[in-house]
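Student: only geometry, no sequence info:
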C-alpha cells in the first residue's frame, strides 16, 4: 500500500492549477459562478433532507399562496 501512495503521491499546487484551468476551459468563466451556486444549493438541500426538515413551515406556505 505504501508503494502505491508513494507512486501516486498527493495533489499539489501545480496539479490544482491544471485542474482549475481545464474546468475554466470546459465551462468558461461566466458559467463557473452559476455552477458553484447550484452546487451550494444542492448541498444545502441535501443537509436539510438529512436532518429531516420540511422545505418550508406550514405558516410560510400559507403566506406564499396568498401572494
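Tutor: Perfect, thanks for sending it. Because the structure is a prediction, the values reported are computed rather than measured.
Student: what helices or strands is the helix or strand harbouring residue 22 leaning on?
Tutor: Using DSSP states H and E, residue 22 sits within helix 13-27. In terms of contact count using 3 or more C-beta pairs under 8 Å, 6 or more residues apart in numbering; DSSP states H and E, helix 13-27 is assigned the packing partners helix 31-51. Yep, even glycine has a C-beta here, placed from its N, CA and C like the rest.
Student: quick revisit: for the helix holding residue 22, buried residues please.
Tutor: For helix 13-27, the neighbour count (16 or more other C-beta atoms under 10 Å) marks no residue as buried.
Student: Number the chain from 808, please
Tutor: Okay, residue one is now 808; in that scheme the one you just asked about reads as helix 820-834.
Student: Show me the contact partners of it.
Tutor: By C-beta atoms under 8 Å, 6 or more residues apart in numbering, the list of residues contacting helix 820-834 from outside reads 818, 839, 842.
Student: Now do the same for residue 849: its pLDDT.
Tutor: For residue 849, the pLDDT comes out at 92.
Student: can you check the one 10 residues further on too?
Tutor: As predicted, residue 859 sits at a pLDDT of 82.
Student: model confidence over the helix holding residue 829, on average?
Tutor: With pLDDT averaged residue by residue, helix 820-834 scores 87.
Student: Assign residue 818 to helix, strand or coil.
Tutor: Assigned state for residue 818: coil (three-state reduction, DSSP: H, G, I helix; E, B strand; the rest coil).
Student: That one: what's it in contact with?
Tutor: Residue 818 is in contact with residue 826, counting by C-beta under 8 Å, 6+ apart.
Student: what separates it from residue 854, distance-wise?
Tutor: Using C-beta to C-beta, to the nearest Å, we find residue 818 at a distance of 26 Å from residue 854.
Student: tell me the phi and psi of residue 837?
Tutor: phi -80, psi -30 (degrees, to the nearest 10).
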